[in-house]
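>>> Sharing a model that was predicted from the sequence below.
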Amino acid sequence: MDVKKDILWRVYLCLIGMALFSVAILVKVFYIQNVQGNYWRSMADSLHTGYVALDAERGTIYSEEGRMLSTSIPYFDIRIDFAADGLRDKNGKVFKENLDSLSYALSQTFGDRSKAAYKTMLQEGYKTKDRYFLLKRDVPFNQYQELRSFPMFRLGKNKGGMIAESKSKRINPFKLLANRTIGLARENSQSVGLERTYNDYLKGVTGKRLMRRIAGGTYVPVDGYDIEPENGRDVVTTIDVNMQDIVETALMNMMVQNEADHGTCILMEVKTGKIKAIANLGKQPDGNGYWEDMNYALQVAEPGSTFKLATVIAVLEDKYATMNSMVNMDGGHWQVGRRTVFDSEPHPGPQNVTIKHAFELSSNVGMAKIAYQYYNRQPNKFVGHLKRLRLDQFTGIDLIGEGRPVIKTTASKTWSATSLPWMAFGYEVLISPLQTCMLYNAVANNGKMMKPYLVNSIQEYGQVEKQFEPTVLLDSICSQNTLKQVQAMLEGVPIDGTAKKLRSPYYTIAAKTGTALVANGNRGYADKIYQSSFAGYFPANDPQYTCVVVIKNKPHALRFYGANVAGPVFREVADKLYAIAVERQKPMQATMQLDTLLSLKNGKGSEWKQILGKLQLPVSSTPANNSWVSAKVTDRKIAFQQVNQTKGAVPDVTGMGLKDALYLLENAGLRVVVKGAGKVKIQSLPGGTKIGNEQTIVIELS
């Protein structure tokens, strides 16, 4: 045999084999990429997993009487897993049998596509075996409930393929009312109001969910690997919805009438410092109406004549004068250096009047003169009184964003020879309306200064986790002698002073008007923009509420005096609250009665089981079906304890709702008298007492 041919034959055979092997590799590569590509890519993607955050359900903000002021409403993104076993089983029998009826139901419910369009869309998703097919975004809860009963979807996730992703949307049911104070909870920007201050309580604890990446770069949840979030706590405020509506309406009426720029009205409970209502209205940039756009109650500005209360407290406390000491108003203008003090309102009649009457007439000249006369050589002594009244400090209210007050001293760069007399009538100082309210409230509260606050308690499932109590900032802002004099001066303003036309024939008020000229940026005071104020309390003989109204008017407004603009708002609020008090025949003081929805009630074990099943509440023990149980929260879980009911003895119904209490008591042979609403707080016959013939029991609910 020719060796050369033999070698060549072997070489050719190897080359042919290598060529065939290369072709086979190329064919296999082509097959994997184009025929099995989706399968292998999904297999590769399935190896990519990661945790995503599960937001906790945000807590609800309630009014003092238990009405929702801000709450979270669930919305759902609805997706379909077209690779679910139930949809693929038996050549897609379930999908094909339900396609028409499901398409029709979706078209009828959402109304955005025809039945044919929905059918085509579903067929496309099924054809591509999309495991995370988006059907609809932002589905409200009522429609989500409907979807769960639709053909195919009613079979559940594994057989019907429906995936519901829950998310929350924050709403304020009362819209405008106290909107800025309640605030906004925003995901991508800073929250405001109570939503921000109490965010750590409201937001709860974020959970985790293991997600697996699938084809197309989307992720699907992996069952059994969720770390459940802990829902946020509820915040119960001091705000009374009815009072808030009264305050908001009164302020809105005046804002519209006078075409004002912005305004605020604060209503504070005298004895406690609770803010019962707070309205903040600003004209919208497009000029169409007003909205709660900023918390004007916390913004600092020159207060004007309502600040004169601090001036007279200083003079009387140092015993330089009494309210009956004389001062000359000099016709309403007084030269101090190169500047002139002017009274904003004309004061005909005698110019030599008592300090009390100068205060009642809101004379700038009178207040400037007494401050200058007694403190010109020791101005920091006057400033010391202002600081003692805490006018240089934040109020400490539970809202973020309170403006920093400014009380000058002789060390201030802007201090001048005329600073002292101008400070005496509310210029060259900066304080907020809330600080004014706090000062007037202290006078109403017999000298005791209370810290203003907006939240009563933090609650979880109706159980109080943290209670906020009234806080005393100063036991006495001045001596009782001084206090009685300033109270008389405030009561004299609506009798012999600038607020005569605001007197009521039914109750007395103690108040002070204020009118301050406001600078308008670089234009200075040329635009004649006035800030109208009214601060006081009522009824004067038994103060229940302090109210402060501050309104910034438009340039060259025809009405701008405090008694004509802010005063009517105060009067409307006081009139309506007084009318409510008379109707109820009890003092004008709100009592806290929470909505029964906020409370855990004692009741039958079987009914509690139904509630737990529906709401998926966390429990540490399960109630027995045929027993009566009490419920309480322990370590963020609901715990149950059996309530024993002895035959022939009075049942213990404390903590139960009216329906359950009546059932037990009447079945025990008792006649029942019911007082109040809510859950049973007191029963006249203690549980376990032996029942006599035709015995009557009184139960009080709250």
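Thanks, I have the structure now.
>>> Find the residue ranges of the stretch 301-450 of the chain scoring beneath the pLDDT cut-off.
Applying pLDDT under 70 to the stretch 301-450 of the chain picks out no residues at all.
>>> what are the ranges of the strands in it?
Ranges of strands in the stretch 301-450 of the chain, per DSSP state E, counting those that start in this stretch, are 326-328, 333-336, 339-342, 352-354, 406-407, 429-430, 449-450.
>>> who wins for proximity to Gly524 among these?
If you check each of the strands of the stretch 301-450 of the chain against Gly524 by Cβ to Cβ, strand 339-342 wins as the nearest, at 14.5 Å. Heads up, the C-betas are built off the backbone N, CA and C, glycines and all.
>>> and Lys554, how many neighbours?
Counted with other Cβ atoms under 10 Å, the neighbours of Lys554 add up to 16.
>>> what do you get for the one 3 residues further on?
Ala557 is surrounded by 19 other residues when neighbours are defined as other Cβ under 10 Å.
>>> Am I right that it falls within a helix?
No. Read with DSSP: H, G, I helix; E, B strand; the rest coil, Ala557 is coil and lies in no helix.
>>> Could you shift the numbering so residue one becomes 204, and keep it that way?
Yep, numbering from 204; the last one is Ala760 now.
>>> gap between the nearest residue to it once chain neighbours are set aside and Val768?
Nearest-residue entry for Ala760: Asn461, 6.1 Å, with adjacent residues in sequence omitted and distances by Cβ to Cβ, 6 or more residues apart in numbering. As for Asn461, its distance to Val768 is 6 Å (criterion: Cβ to Cβ, to the nearest Å).
>>> Repeat that for Leu676.
Leu676 is 30 Å from Val768, by Cβ to Cβ.
>>> who has more neighbours, those two?
Taking other Cβ under 10 Å, Leu676 and Val768 do not tie; Val768 has more neighbours (29 against 17).
>>> I'd like to know which elements the helix or strand that one falls within is packed against.
Assigned by DSSP states H and E, Val768 belongs to helix 765-787. Packing partners of helix 765-787 (3 or more Cβ pairs under 8 Å, 6 or more residues apart in numbering; DSSP states H and E): helix 444-461, strand 465-472, strand 713-721, strand 732-741, strand 748-755.
>>> how about that helix as CSV, C-alpha atoms only?
What follows is helix 765-787 as a C-alpha-only set of coordinates in CSV (Å, rounded to 0.1, in the frame of the first residue of the first chain):
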residue,chain,number,x,y,z
GLY,A,765,-58.7,94.1,63.3
ALA,A,766,-62.2,94.6,64.6
ASN,A,767,-63.7,94.7,61.1
VAL,A,768,-61.8,91.7,59.5
ALA,A,769,-60.5,89.3,62.1
GLY,A,770,-63.1,90.2,64.8
PRO,A,771,-66.1,88.9,62.9
VAL,A,772,-64.4,85.5,62.5
PHE,A,773,-63.8,85.3,66.3
ARG,A,774,-67.5,86.3,66.9
GLU,A,775,-68.9,83.7,64.5
VAL,A,776,-66.8,80.9,66.1
ALA,A,777,-67.7,82.0,69.6
ASP,A,778,-71.4,82.3,68.7
LYS,A,779,-71.7,78.9,67.2
LEU,A,780,-69.8,77.2,70.0
TYR,A,781,-71.9,78.9,72.6
ALA,A,782,-75.1,77.8,70.8
ILE,A,783,-73.8,74.2,70.8
ALA,A,784,-73.0,74.4,74.5
VAL,A,785,-76.5,75.8,75.3
GLU,A,786,-78.1,73.1,73.2
ARG,A,787,-76.2,70.4,75.0
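>>> buried ones in it?
765-781, 784 (16 or more other Cβ atoms under 10 Å).
>>> Next, the spatially closest residue to Met324 that is not a sequence neighbour: secondary structure please.
Nearest residue to Met324, sequence neighbours excluded (Cβ to Cβ, 6+ apart): Arg316, at 7.4 Å. Counting by three-state DSSP, the backbone at Arg316 sits in coil.
>>> Report how many residues lie close to Arg316.
Using other Cβ under 10 Å, Arg316 has 14 neighbouring residues.
>>> right, and it touches Ser310 too?
Yes. Counting by Cβ atoms under 8 Å, Arg316 does reach Ser310; the two are 6.0 Å apart.
>>> related to what we said a few turns ago, contacts only, for the residue nearest to Met324.
Residues counted as contacts of Arg316 (Cβ atoms under 8 Å, 6 or more residues apart in numbering) are 309-310, 324.
>>> coming back round to it: kindly reformat the helices and strands packed on helix 765-787 as TSV containing mean neighbour count.
Below are the helices and strands packed on helix 765-787 laid out as TSV (neighbours: other Cβ atoms under 10 Å):
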stretch	mean neighbour count
helix 444-461	20
strand 465-472	27
strand 713-721	26
strand 732-741	28
strand 748-755	30
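>>> closest one to Leu602 among the ones you listed?
Closest to Leu602 of these is strand 465-472 (Cβ to Cβ; 12.0 Å).
>>> Neighbouring strands - and their directions - for the helix or strand just after the closest one?
Sequence order places strand 478-486 as the next helix or strand after strand 465-472, per DSSP H and E. Sheet pairing of strand 478-486 (DSSP bridges) gives strand 465-472 (antiparallel), strand 493-494 (antiparallel).
>>> Flag every buried residue along whatever helix or strand Asn684 lives in.
Using DSSP H and E, Asn684 falls within helix 683-699. Using 16+ other Cβ under 10 Å as the test for burial, helix 683-699 gives 685-686, 688-690, 692-697.
>>> could I get that helix in CSV with only the CA atoms?
Provided in CSV are the C-alpha atoms of helix 683-699 (Å, rounded to 0.1, in the frame of the first residue of the first chain):
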residue,chain,number,x,y,z
GLN,A,683,-52.4,87.6,90.7
ASN,A,684,-52.7,91.3,91.1
THR,A,685,-51.3,91.9,87.6
LEU,A,686,-53.4,89.1,86.2
LYS,A,687,-56.7,90.6,87.5
GLN,A,688,-55.9,93.9,86.0
VAL,A,689,-55.0,92.6,82.5
GLN,A,690,-58.1,90.4,82.6
ALA,A,691,-60.2,93.5,83.3
MET,A,692,-58.4,95.4,80.5
LEU,A,693,-59.2,92.6,78.0
GLU,A,694,-62.8,92.4,79.1
GLY,A,695,-63.0,96.2,78.6
VAL,A,696,-62.0,96.1,74.9
PRO,A,697,-65.5,94.9,73.8
ILE,A,698,-67.2,97.2,76.3
ASP,A,699,-65.4,100.5,75.9
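>>> Output the contacting helices and strands for that helix.
Packing contacts for helix 683-699, counted by 3+ Cβ pairs under 8 Å, 6+ apart, involve helix 511-520, helix 558-563, helix 636-647, strand 713-721.
>>> Quick one: closest of the ones you listed to Asn402.
That would be helix 636-647 among these, by Cβ to Cβ, at 21.5 Å.
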